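Chemist: return atomic coordinates for the entry below.
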Amino acid sequence: MNKPLKPYCKKTIGNHQLRPESLAMSYGYDPHLSEGAIKPPIFQTSTFAFKTAEHGAAYFRKSRGQALADDMSDPGLAYTRINNPNLEVLEDRLTLFDGGEDALAFSSGMGAITTALLTFAAPGAVFIYSSPLYGPTEMFLKDFLPKFGIKSISFPADAPADEVRAVFAKAGEMGEIAVVYTETPANPTNAIVDLDLCVTLAEEAAKNQTNKPIVMSDNTMQGPIGQTPLITSGLDLVLYSVTKYIGGHSDLIAGAAVGSSEVIARIRSLRTVFGTVPDPHTCWLVLRSLETLKLRVNEAAKNARFCAEFLRDHPKVANVRYLGFLDDQPVKKEIFDRTCLAPGSTFSFDIDGDQQAAFRMLNNLKLIKLAVSLGGTESLMCHPGSTTHSGVPEELRKAQGYTDGLIRFSVGIEHPDDLIVDLKQALEAV
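Modeler: Just a heads-up that it's a prediction; the model follows:
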C-alpha cells in the first residue's frame, strides 16, 4: 500500500530547498499530532482501532489494491507488521539523503536484501552480481536462490568494462535478466563497481527482453553521505544495513531499501508477507541516529585518513586499501571520482605476514574493539576471512583479492592521536 503524502512532509521554505541534515530533524512528523512532543513518541502497540467497521473494510481493500472510488484516500493504520507511526516517519526520512522517492525499513540489512531480491525472483530468472559481496549475500545469490530455479552469474567488482559486458552477454543467453546486484565499495576489499556501466548495460539488455532489469546496490559501506547512486547513476534501488552508519551506535539491528516508488511498492507487498519490519523502538532509535548522521560520518572520515596514512607508512603493513589512495590506480580513481563523494571511514589493510600475524595484532588492541560490524561511533577491527566472510570458499576469497593478513578497520570518532597510539603498539606484536 503506497503512503499518501502528508501535509507536514515539506522540503522547502518558500523557494528555498532545505538540506537533508535539516529535514532529518522534523520531516514527516507534526508535534501537534502527539501532544506537542518535539520527538515522535514510541508507539509500542501491535494493532490500531478502526473508527467503524466500514473503515476497516476500506483499509484492507486499499492494502490489496482494490480501493473503491469513494474510499478514503488515507485509511490510516491497522497492524504494526504493515505500518506504524514510527515506521512511517522513519521511512519518510530515509529518503532524504539518497534522494529516493520512497523507502522501506526492515528488521535487518539481510532482511532488506533478501526481501528485495526475492521480489524479482522467478524460476528461470537470471541475477547478475558483482563479487565480492557481504558473505551471507553472496551465499544467498550463489547457493540458495539456484535451489528454486533462479540462475546467477557474477563479475569481479573491479573488472574492466569489456569483461563486465561479456558477463551481461552471457547472462542474456541464460535467460531473462531480472536483477543486477552490486555492492560498492566491496566489503571488505574496497573494490569499486562502475555503477554507470551497470545501468547502461541493464538498459541495453532491456531491448532484448520483456522487462528492464532492476539495478540495485548495497550502499552500506559508503552511503548515504559518501555515495548517492540513485542521484549520480540512476539506480532503481539502494539497500542498507542500517545497523552500520545510519544507526551508527552499535545498539540496533535494522535495514532499509530506498528507491523509486514503483520498485518500493513491489517490495512492500512482500515485506508485509515476510514480516521483515523493524519494531517501533528500533525505528525510534534510527530516527535519533539520522539527526547526527552527517556529523558522525564526516568525523569518522577525518580519523580514517589519519589512520590510513599511518598504516601506509608502517613497515609491517603490506597494503592499505583506502579509497583516498588511488592516484596510482587511474581507472579505479576515475570511477571513484565519478560515482563517490568521499573515501569513507571503513577500509582494509594487509599485514605483511600470515593469518597468525594478523591475529597477533588484533589480540593486542587496547582501544580499538575486536568485533565484526562497522559504521559505529567506536573503532572496530576484524579478520573477515575467519569471521564475516568465512562462509565464502577459500579459493573464491583468494580470487577476490583476500590475503591471509587482511584486516578490516571501521574507524570511529575517538581522538585520532589515541587511535594512532593503539595501532602503533598493536603492530609491535606482529
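
Chemist: mind giving me the domain split of the protein?
Modeler: Here the domain assignment for the chain is 80-290, 293-427, based on automatic domain parsing.

Chemist: all strands of the stretch 201-350 of the chain, in order?
Modeler: 214-218, 237-241, 255-259, 317-321, 346-351 (DSSP state E, counting those that start in this stretch).

Chemist: mind listing what the longest one pairs with, with the direction of each?
Modeler: Strand 346-351 has these partner strands in its sheet, going by DSSP bridges: strand 317-321 (antiparallel), strand 406-410 (antiparallel).

Chemist: among those, which is the most enclosed?
Modeler: Ranked by mean neighbour count, those are led by strand 406-410 with a mean of 25 (mean count of other Cβ atoms under 10 Å). Quick note: C-beta positions are derived from backbone N, CA and C, even for glycine.

Chemist: list the buried residues for whichever helix or strand comes after it?
Modeler: With elements assigned by DSSP states H and E, the helix or strand that comes after strand 406-410 is helix 416-427. Applying a neighbour-count criterion of 16 or more other Cβ atoms under 10 Å, one finds 416, 419-420, 422-423, 426-427 buried in helix 416-427.

Chemist: centre of the chain to helix 416-427, how far?
Modeler: 29 Å (Cα atoms, centre = their mean, to the nearest Å).

Chemist: same check, this time on stretch 265-281
Modeler: Worked out by Cα atoms, centre = their mean, stretch 265-281 lies 17 Å from the chain centre.

Chemist: before we move on, back to that, for the strands of the stretch 201-350 of the chain, could you give me a markdown table that also reports mean pLDDT and distance to Leu380?
Modeler: As requested, the strands of the stretch 201-350 of the chain are arranged in a markdown table below (pLDDT from 0 to 100; distance: least, Cβ to Cβ, whole Å):
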| stretch | mean pLDDT | distance to Leu380 |
| --- | --- | --- |
| strand 214-218 | 98 | 19 |
| strand 237-241 | 98 | 14 |
| strand 255-259 | 98 | 19 |
| strand 317-321 | 97 | 16 |
| strand 346-351 | 97 | 9 |
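
Chemist: please confirm that Phe140 is located within a strand.
Modeler: No: according to DSSP: H, G, I helix; E, B strand; the rest coil, Phe140 belongs to no strand; its state is helix.

Chemist: I figured it hits Gly111, correct?
Modeler: No: if you go by Cβ atoms under 8 Å, Phe140 and Gly111 don't touch, sitting 11.7 Å apart.

Chemist: who has more neighbours, those two?
Modeler: Applying other Cβ atoms under 10 Å to Phe140 and Gly111 shows that Gly111 carries more neighbours, namely 24 against 21.

Chemist: out of the domains of the chain, which is the most enclosed?
Modeler: On a mean-neighbour basis (criterion: mean count of other Cβ under 10 Å), the most buried of the domains of the chain is domain 80-290, at a mean of 21.

Chemist: strand 317-321 and the lengthiest helix in the chain, what's the angle between them?
Modeler: Secondary structure of the chain read by DSSP state H shows that its longest helix is helix 293-312. Interaxial angle of helix 293-312 relative to strand 317-321 (axes from the mean of the first three to the mean of the last three Cα atoms, to 10 degrees): 150 degrees.

Chemist: who are the contact partners of Thr220?
Modeler: By Cβ atoms under 8 Å, 6 or more residues apart in numbering, the residues touching Thr220 are 109, 134, 183, 187, 239-241, 244-245, 375.

Chemist: can you report how many residues lie near Asn15?
Modeler: Asn15 has 5 neighbouring residues, counting by other Cβ under 10 Å.

Chemist: please report the distance of it from Leu118.
Modeler: Distance of Asn15 to Leu118, computed by Cβ to Cβ, to the nearest Å: 43 Å.

Chemist: give me the angle between the longest helix of the chain and helix 416-427.
Modeler: Using the same axes, to 10 degrees: helix 293-312 against helix 416-427 is 40 degrees.

Chemist: what packs against helix 293-312?
Modeler: When contacts are defined as 3 or more Cβ pairs under 8 Å, 6 or more residues apart in numbering; DSSP states H and E, helix 293-312 packs onto helix 20-23, strand 317-321, strand 346-351, helix 416-427.

Chemist: now distance to Cys340 too, for the ones you listed, in TSV please.
Modeler: Formatted as TSV, the helices and strands packed on helix 293-312 follow (distance: least, Cβ to Cβ, whole Å):
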stretch	distance to Cys340
helix 20-23	17
strand 317-321	14
strand 346-351	13
helix 416-427	22
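
Chemist: to Thr228, which of these lies closest?
Modeler: helix 20-23 (9.9 Å; Cβ to Cβ).

Chemist: how much space separates the residue nearest the centre of the chain from Ala57?
Modeler: The residue lying closest to the centre of the chain (Cα atoms, centre = their mean) is Tyr240, at 2.1 Å. For Tyr240, the distance to Ala57 equals 36 Å [Cβ to Cβ].
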